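> just the structure for this:
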Amino acid sequence: MMKTARWIAIAVFISLAAAEAAVRMFVPMDALLYQDSADPALGFELRPGAKGEKVGADVEISAQGLRDDVVPEQKERGETRVVVVGGHEAFGLGVPRSDGFVAELPRGLRSRGQVRSVNLSMYSYGLSQKVELACRRAAEFHPDVVVLQASESDGVELPPAAIRAPAIKNFIREGSALARWIMERHYRARAVRVHPQRERSADGKAAQARTELARLRDCLAPMGTKIVVAFVPGVDDPSLGAGSDVRRGIEAGAKASGALFVDAGPALRRVPAGQRALRAGQPFLSPEAQKALSIELGRRIAPLLPRSSKSTPRRPAV
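Numbers count the residues shown, from 1 in each chain. Presented below is the predicted three-dimensional model:
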């Protein structure tokens, strides 16, 4: 019996090794940029130090867990900081970091002096996760303005993890492509099954937006930070969110919380329809759409920032 068990164990090991090799060789997978989070309200988060290709673009995650440069703890003299918290639109899926609207933002705000943008975004986050991330981490970067980037997908909640064991799951996922493939397929299948139940009514979407944006206001209030809520409609939506229940709910929630609401729909309409999406059939913003969003957001944010402290040189005395 011991001999039989030994042969079974050897057969299982060989099968798993073959399956692991097959997944690594034949299953296309993006770089592993995420990990399960110790915070159940976040579910998952960016993996510090990760790098590789994601949706056709090179991505590098800093030691601070940002798709950004390392942000110094102390501001430089006269520096103003804009922290952007969002989903795949703000993260910049599919485009180089320099082409994303977050990186572009300071270029349009030069008249306001030294402005630094910080990209505190995670692709696939919903509204409650974005607010949780802002409440947990925005204070680290001493923001003058926090921009919450909202989207149509904020009207649908993704399911929580079936098993809460983040350290173990991260270890297994990082070590085995096969395990990662199985975990991701299982999660996507669960997301499809629960989608109809988690799609909220118009009233439900508005109520959730009001609740979450009030939570954002309350957690940022001690810092005296100004809040901007930027709604980015889906690029495959012909109306660009004009009649969306999600958009109306988020706008009402932003106004109720005293935040500035910015609708990116008009800015995206200025980009030809065929140039808004990164690629046909994908919901990701093209570099042209990212640029249009940066210009519009910069124009709306500028009045919230202090003017440049550069003084006008005096004429020498005669």
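> any idea how far the helix or strand of the chain with the lowest mean pLDDT is from the middle of the chain?
Counting by mean pLDDT, DSSP states H and E, the chain has its least confident helix or strand at helix 177-198, which shows a mean of 77. Chain-centre distance of helix 177-198: 20 Å, with CA atoms, centre = their mean, to the nearest Å.
> next helix or strand past that helix?
Counting by DSSP states H and E, the next helix or strand C-terminal to helix 177-198 is helix 202-220.
> quick check: which ranges of the stretch 201-318 of the chain have low pLDDT?
Using pLDDT under 70 as the threshold, the predicted model of the stretch 201-318 of the chain has low-confidence ranges 201-202, 238, 241, 308-318.
> quick one: the helices in it, in order.
Counting by DSSP state H, counting those that start in this stretch, the stretch 201-318 of the chain has helices at residues 202-220, 245-256, 265-269, 287-301.
> how about CSV for those helices, with distance to residue 184 and mean neighbour count added?
Placement of C-beta: from N, CA and C, glycine included. Written out in CSV, the entries for those read as follows (distance: least, CB to CB, whole Å; neighbours: other CB atoms under 10 Å):
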stretch, distance to residue 184, mean neighbour count
helix 202-220, 27, 19
helix 245-256, 26, 22
helix 265-269, 30, 18
helix 287-301, 27, 21
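> switch these over to JSON lines; also include distance to residue 60.
Below are these laid out as JSON lines (distance: least, CB to CB, whole Å):
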{"stretch": "helix 202-220", "distance to residue 60": "28"}
{"stretch": "helix 245-256", "distance to residue 60": "31"}
{"stretch": "helix 265-269", "distance to residue 60": "27"}
{"stretch": "helix 287-301", "distance to residue 60": "18"}
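> which one of these lies nearest to residue 188?
Checking those against residue 188 by CB to CB gives helix 245-256 as the closest, at 22.0 Å.
> now the closest one - C-alpha only, CSV.
Extracted as CSV, the C-alpha positions of helix 245-256 are listed here (Å, rounded to 0.1, in the frame of the first residue of the first chain):
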residue,chain,number,x,y,z
ASP,A,245,-27.8,56.7,-13.6
VAL,A,246,-24.3,56.2,-12.2
ARG,A,247,-23.2,59.6,-13.4
ARG,A,248,-26.2,61.4,-11.9
GLY,A,249,-25.8,59.6,-8.6
ILE,A,250,-22.1,60.4,-8.4
GLU,A,251,-22.7,64.1,-9.3
ALA,A,252,-25.4,64.4,-6.7
GLY,A,253,-23.2,62.7,-4.1
ALA,A,254,-20.3,65.0,-5.0
LYS,A,255,-22.4,68.2,-4.6
ALA,A,256,-23.9,67.0,-1.4
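> and the angle for it with helix 202-220?
40 degrees (axes from the mean of the first three to the mean of the last three CA atoms, to 10 degrees).
> which other helices and strands contact helix 245-256?
strand 145-151, helix 202-220, strand 226-232, strand 260-263 (3 or more CB pairs under 8 Å, 6 or more residues apart in numbering; DSSP states H and E).
> distance between the longest one and the chain's centre?
Going back to what we said before, that points to helix 202-220. Per CA atoms, centre = their mean, the centroid offset for helix 202-220 relative to its chain is 18 Å.
> put the alpha carbons of that helix into PDB.
Taking C-alpha atoms only, helix 202-220 is exported to PDB below (Å, rounded to 0.1, in the frame of the first residue of the first chain):
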ATOM      1  CA  ALA A 202     -30.800  54.000 -10.000                       C
ATOM      2  CA  ASP A 203     -31.800  54.800  -6.400                       C
ATOM      3  CA  GLY A 204     -29.300  52.300  -5.100                       C
ATOM      4  CA  LYS A 205     -26.500  53.800  -7.100                       C
ATOM      5  CA  ALA A 206     -27.300  57.300  -6.000                       C
ATOM      6  CA  ALA A 207     -27.500  56.300  -2.300                       C
ATOM      7  CA  GLN A 208     -24.200  54.400  -2.500                       C
ATOM      8  CA  ALA A 209     -22.500  57.400  -4.200                       C
ATOM      9  CA  ARG A 210     -23.800  59.800  -1.500                       C
ATOM     10  CA  THR A 211     -22.700  57.500   1.300                       C
ATOM     11  CA  GLU A 212     -19.200  56.900  -0.100                       C
ATOM     12  CA  LEU A 213     -18.500  60.500  -1.000                       C
ATOM     13  CA  ALA A 214     -19.600  61.600   2.400                       C
ATOM     14  CA  ARG A 215     -17.200  59.100   3.900                       C
ATOM     15  CA  LEU A 216     -14.400  60.500   1.700                       C
ATOM     16  CA  ARG A 217     -15.300  64.100   2.800                       C
ATOM     17  CA  ASP A 218     -15.200  63.100   6.500                       C
ATOM     18  CA  CYS A 219     -11.900  61.200   6.300                       C
ATOM     19  CA  LEU A 220     -10.100  64.000   4.400                       C
END
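> now do it and strand 226-232, the angle between them.
Computed by the same axes, to 10 degrees, the angle between helix 202-220 and strand 226-232 is 150 degrees.
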